[in-house]
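Undergrad: with the input below, show me the fold.
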Amino acid sequence: MFSVLHRAETVSRLDSETFDLLVIGGGVTGAGIALDASQRGLSVALIEKQDFGAGTSSRSTKLIHGGLRYLKQFEFALVREVGLEREIVHRNAPHIVIPERMLLPIVKGGSLGRWSASVGLYVYDMLAGVRRKERRKMLTLNEAEEREPLLRKEGLVAGALYWEYRTDDARLVTELAKTAYSKGAVLINYCQLDNLTVVDSKVVGGAVTDLIAKQSFQISAKKTVNAAGPWVDRVRSLAEEVNGKRLHLTKGVHLVFSHERLPIRQALYFDVEGGRMLFAIPRDGCTYVGTTDTNYTDDLERPQVTRSDVDYVLAAINRIFDIRPLTEDDIRSTWAGLRPLIHEDGKSPSELSRKDEIFVSRQGLISIAGGKLTGFRKMAERTVDLCLHRMEEEGGRAFIPCSTHDLTLSGGEVRNAPSFLQSLPEDTVNYFGKTLLSQLYHRYGGNAAGIAQAAIMREGPPATALILEELDYGVNHEMVTDLSDFLIRRTGRLYFAKAEADLHAERLNRDLADLLGWDSDRAQQSIDTYRKESEEVVTFV
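TA: Numbering: from 1, shown residues only. Next up, the predicted model:
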């Protein structure tokens, strides 16, 4: 099982075996590479110095989308590739990649007029291969107002509807990691790269430290891939001086409100002064809004939401929606994430390309940077293709093409929530209710059935029984190593159910301590770490 309880065995394998591929970084790019490579028969090791997805890959806008705004930059190839990828990722993980109809308000003086929006969305649909029934629909002023009564009437001239896909980014990383594990990959979180190992002028793995056991060891590999996101240049610098192309980090911030305070009827993509656009997306009794796009040079591990970020997003919301103005007091939670883009002289953050690029050092370190959440599968394909071509040239292995385009991820075998509910015993559905069980499905897919069936045997209220059983599942099947792993990245509760997360934190931490055999100091460290993160999401610097 993909379990923290088997961590010692995992470390032993990493220390003793020689792998075809060592992947540095356990975000969506690294997990995607591990899955692609293991699916093609390579032996793969993956290390992540934090938790899986703890960096950029749990802090995105949580959309699998084609990037409508990239049409303005004439990046047609990028729009086509990620547009086509939306349907593939939805097919492979239907429980966590969900079609979402998006309303684009057309306002006087906005970045898109009626004609340009119509043409732009038409091109967008054609490039992305959107099915006819899901193609864009232009709305009159009255139709736009009917679709979203909260839109401010002043300046609104029309609207447009088009389709995107909503996701849980951290859950996507988890399902990729679990599926890669099922294909033979060896993955570990809280394991830090200390240095690269170079023999005869070739990178052949790395020196690492298990941050849980405080144990250092070597991982040997024929090829090493640097998929460390915002840390890519730091890893590159271990091989050689970083010259030429380099990272340009930008920060994106999202604010979360109760849906009662911002009760939009569907997701929206709307204009903001200065030429940017923001998303407003309803989810699990909340509405979240973002994202900003500003240059970033501070702490990579803990990017913070600033008061200027908050003021910017609040002003945008209060300008577009005719509601009692939202204030800082209405914010339930927040998150800030970093985009590891490729630097281009003279360009602002919003003008930088979202295309990915691969850099190969003289010693053979393969680094990949840039890109979008939506394009992770193609980024992985290009990276593994390069590794295999090099292995083929060196006489070690025949090239095998990528096959992840039709690979169902863990949990994806049950196609939708109604099918999941129908598969459960009637008494289970009656006990927990369809709402709780549907939320469980959209977190774990088909794997939710076992959680529900085990939870029904627990004492206490249904919701409490479920969260306790989820924790047990997380420890045994999803490498939950700390309370924050569970409440932030495996379940998203800190962002979308913060009051519930805070309420159950002490009990969950005690159960986790029992499951993992912690002493009192380790248990205190876990709860203290969570409390600090819980405070940070409502504290603005």
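Undergrad: show me the helices in the stretch 301-450 of the chain, by range?
TA: Along the stretch 301-450 of the chain, counting by DSSP state H, counting those that start in this stretch, helices occupy 307-320, 376-393, 417-423, 426-432, 434-444, 448-455.
Undergrad: and residue 206, how far from residue 376?
TA: In this view, residue 206 and residue 376 are 23 Å apart by CB to CB, to the nearest Å. No exception for glycine: its C-beta is placed from N, CA and C like everyone else's.
Undergrad: wait, I meant residue 426
TA: Using CB to CB, we find residue 426 at a distance of 39 Å from residue 376.
Undergrad: between the two, which one's more packed in?
TA: residue 376 (30 against 7; other CB atoms under 10 Å).
Undergrad: what's that one in contact with, if anything?
TA: Going by CB atoms under 8 Å, 6 or more residues apart in numbering, residue 376 touches 28-29, 32.
Undergrad: pLDDT value on it, please?
TA: Residue 376 is assigned 96 on the pLDDT scale.
Undergrad: SS state for residue 104?
TA: Three-state assignment for residue 104 (DSSP: H, G, I helix; E, B strand; the rest coil): strand.
Undergrad: which residues touch it?
TA: Counting by CB under 8 Å, 6+ apart, residue 104 has contacts 112, 117, 121, 159-162, 268-270.
Undergrad: what's the closest non-adjacent residue to the residue positioned nearest the centre of the chain?
TA: The residue lying closest to the centre of the chain (CA atoms, centre = their mean) is residue 169, at 2.5 Å. Counting by CB to CB, 6 or more residues apart in numbering, the nearest residue to residue 169 once its immediate chain neighbours are dropped is residue 60, at 4.8 Å.
Undergrad: on that earlier part again, I'd like the helices of the stretch 301-450 of the chain as a markdown table, with distance to residue 191 appended.
TA: Shown next, in a markdown table, are those (distance: least, CB to CB, whole Å):
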| stretch | distance to residue 191 |
| --- | --- |
| helix 307-320 | 32 |
| helix 376-393 | 20 |
| helix 417-423 | 34 |
| helix 426-432 | 37 |
| helix 434-444 | 25 |
| helix 448-455 | 27 |
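Undergrad: of all these, which one is nearest residue 128?
TA: Among the helices of the stretch 301-450 of the chain, the nearest to residue 128 by CB to CB is helix 376-393 (13.7 Å).
Undergrad: and that closest one, how far out from the chain middle?
TA: On the basis of CA atoms, centre = their mean, to the nearest Å, helix 376-393 sits 22 Å off its chain's mean C-alpha point.
Undergrad: could you shift the numbering so residue one becomes 40, and keep it that way?
TA: In the new count, where the first residue is 40, that last one comes out as helix 415-432.
Undergrad: may I have that helix exported as CSV, CA atoms only?
TA: Output of helix 415-432 as CSV, limited to C-alpha atoms (Å, rounded to 0.1, in the frame of the first residue of the first chain):
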residue,chain,number,x,y,z
PHE,A,415,1.1,18.3,-16.9
ARG,A,416,0.5,15.1,-18.9
LYS,A,417,2.1,16.4,-22.1
MET,A,418,5.0,17.9,-20.0
ALA,A,419,5.6,14.5,-18.6
GLU,A,420,5.4,12.9,-22.0
ARG,A,421,8.0,15.2,-23.5
THR,A,422,10.3,14.7,-20.5
VAL,A,423,10.1,10.9,-20.5
ASP,A,424,10.5,10.9,-24.3
LEU,A,425,13.8,12.7,-23.9
CYS,A,426,15.0,10.4,-21.2
LEU,A,427,14.1,7.3,-23.3
HIS,A,428,15.7,8.7,-26.5
ARG,A,429,18.9,9.3,-24.6
MET,A,430,18.8,5.8,-23.1
GLU,A,431,18.2,4.4,-26.6
GLU,A,432,21.2,6.3,-27.9
